[in-house]
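Enquirer: need a structure here:
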Amino acid sequence: MESVVPMNHETNVLGLKGFLHEKCNIWAGNGNCVEEIWRSYKDIILDGIKRNIPQKNLSKNPDPRK
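Expert: Have a look, this model is predicted:
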């Protein structure tokens, strides 16, 4: 069983900041209703996280004695 965890200490802060700044205009003018605006905002944030915060897989040890 594996889980994915962000490696926050290795975040590309400048890259994330630039990405969000670039996408802000797209997000602000996109959508007619609250649901569309929220979906657009959420997609931008998740895309920024995926691009700028490395992740690693953690697997559970099947034998707890080890």
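
Enquirer: Please, where are all the helices along this protein?
Expert: Along the chain, the stretches classed as helices by DSSP state H are 13-28, 34-52.

Enquirer: which residue packs closest to the most centrally placed residue in the chain, ignoring adjacent ones?
Expert: Taking C-alpha atoms, centre = their mean as the criterion, residue 49 is the residue nearest the geometric centre of the chain, at 2.4 Å. Spatially, and ignoring its direct neighbours in sequence, residue 49 is nearest to residue 6 (7.2 Å; C-beta to C-beta, 6 or more residues apart in numbering). Just so you know, the C-beta spots here come from the backbone N, C-alpha and C atoms, and that holds for glycine as well.

Enquirer: so what's that neighbour up against?
Expert: With contact taken as C-beta atoms under 8 Å, 6 or more residues apart in numbering, residue 6 is in contact with 49, 53-55.

Enquirer: Pick out the most distant pair among those.
Expert: 49 and 54 (10.3 Å; C-beta to C-beta).

Enquirer: Partner strands of the lowest-mean-pLDDT helix or strand in the chain and their direction?
Expert: Ranked by mean pLDDT, DSSP states H and E, the weakest helix or strand in the chain is strand 2-6, scoring a mean of 78. Looking at strand 2-6 with DSSP bridges, its partner strands are strand 55-59 (antiparallel).
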